[in-house]
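> sequence first, then the predicted structure, then my questions.
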Amino acid sequence: MHADPLATVDTPRASGLLRTPLHALHLRRGARMVPFSGYDMPLHYPAGLLKEHLHTRANAGLFDVSHMGQIALAADDPAEAARALEALIPADIVGLKPGRQRYGLLTDAAGGIRDDLMVGNLGDRLVLVVNAANKAADLAHLRAYLPAAVTATALDRALIALQGPKAEAALARIAPQVAAMRFMDAAEVPILGHACLVTRSGYTGEDGFEISLPDVAAEAVAEALLADAAVMPIGLGARDLLRLEAGLCLHGADIGPDTSPVEAGLAWAIPSVRRIGGARAGGFPGDARILAEIAAGPSRRRVGLRPEGRSPVRAGAPLFAEEAGTEPVGTVTSGGFGPSLGAPAAMAMLPVALGTDGTRVFAEVRGQRLPVRVVPLPFVPAGFKRGRI
């Protein structure tokens, strides 16, 4: 999810940027602010991107993600909202139990990915978290295609993420209930007297939480978390490299309308109940293409790449099967230097024949062809807190 601050920072402009409820906190803590998805957002703080990144991997990092879209779906019969959303998303929403969250994809008629999102079931309503750049379009899409009995409401709330191996201990200091939560649990939790929605999830590959809360509560909760020596504020720059190391997709780069879920390596998000032979097979936009690719395999797929040298290979670099090749066979979709790896890493779309682990291809960087090898994803193993569902 989430757009790439290193690759798609908006052109700076003097005015017109929106501010999150934590804007004053970012300024107090010396953040370097940049325009991003229409908001004035922290790229990094004085500690710098490298320290922020490594601190999150070892301790806990606090991220302001209030620019993301939050949407509630409700109906007199909550089951009707779940059925209606299933008509737009190839996931098992009907089977999503109250108190649980699931990753999903809004697909289009051609089998491409309109957006990727999280869906939480709170019993009386579904809550979606969508990408910042797509939130207006997603809301309009939902309102256009959901039945009249299902309402889609944009939620005006702050959103913060606490990520890292010490995230549980830090959050449990002010919200003890979260210690019992498992990966992908969703619960309404009071924090400092405010009604919050907490999910045990995130975008770094580490254990952690996302906290949706009233705007007026955001600064107090953030400061309470930052009072813990294990917690450091983290900007968008480190966030992007953390998700790259975790092998997580970035909409608008690794995935988009020109990418199918199967090509993107996201077929795991399409359960058997929605596949051929399942009880609720198909019935979502682009189902013919997507189900055919699940059955027969796609012509290309997302892969991990490790450059053989120290030079990063960044998004947009063309890939060639041979060092002297004339026709590109693919394109790097995300890339940079992985601080946890101590080495560069990238992701790309390649033909299946070239996507086997160990295959050597060549990336063109500043007029030179640099050798890179296909490797398994993720680059850094996930640290999620698993548990029985």
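Sure, I can see it.
> identify the residues contacting the residue sitting furthest away from the middle of the chain.
Outermost residue of the chain with respect to the C-alpha centroid, by Cα atoms, centre = their mean, is A324; its distance is 36.1 Å. Listed by Cβ atoms under 8 Å, 6 or more residues apart in numbering, the contact partners of A324 are R369. (Each C-beta comes from the backbone N, C-alpha and C, glycine too.)
> using the three-state scheme, assign it.
coil (DSSP: H, G, I helix; E, B strand; the rest coil).
> can you check the pLDDT for it?
We have a pLDDT of 96 for A324.
> do D4 as well
So D4 comes in at 46 (pLDDT).
> the one 4 residues further on too?
At T8, the predicted lDDT confidence score is 39.
> and what of K385?
For K385, pLDDT reads 85.
> for the spatially closest residue to E327 that is not a sequence neighbour, grab the count of nearby residues.
With Cβ to Cβ, 6 or more residues apart in numbering as the criterion, E327 has its nearest non-adjacent residue at 7.5 Å, and that residue is F320. Per other Cβ atoms under 10 Å, the neighbour tally for F320 reads 17.
> tell me how far the residue farthest from the centre of the chain lies from F362.
Plainly put, A324 is 9 Å away from F362 if you go by Cβ to Cβ, to the nearest Å.
> can you check L96 too?
Here the distance between L96 and F362 works out to 44 Å (Cβ to Cβ).
> same question, I93
Distance from I93 to F362, by Cβ to Cβ: 43 Å.
> do the same with R28
To F362, R28 is 47 Å away according to Cβ to Cβ.
> which one of these two is surrounded by more residues?
Legend: neighbour count by other Cβ under 10 Å for R28 and F362, higher for F362 (22 against 11).
> so the residue nearest to the more buried one when sequence neighbours are not counted, which state does it fall into?
Here the nearest residue to F362 in space, its sequence neighbours aside, is R369; by Cβ to Cβ, 6+ apart that works out to 4.2 Å. Under three-state DSSP, R369 falls in the strand class.
> isn't R369 right next to P328, touching?
No - counting by Cβ atoms under 8 Å, P328 is not a contact partner of R369; they are 11.3 Å apart.
> common neighbours of those two, please.
F320.
> specify the local secondary structure of V221.
Per three-state DSSP, V221 ends up helix.
> tell me, how many residues neighbour it?
24.
> that one contacts I160, doesn't it?
Yes - V221 lies in contact with I160 (Cβ under 8 Å); the separation is 7.1 Å.
> between the two, which contacts overlap?
With Cβ under 8 Å, 6+ apart as the test, V221 and I160 both reach 211, 213.
> on that earlier part again, what sits against the residue nearest to F362?
Per Cβ under 8 Å, 6+ apart, neighbours of R369: 320, 323-324, 362-363.
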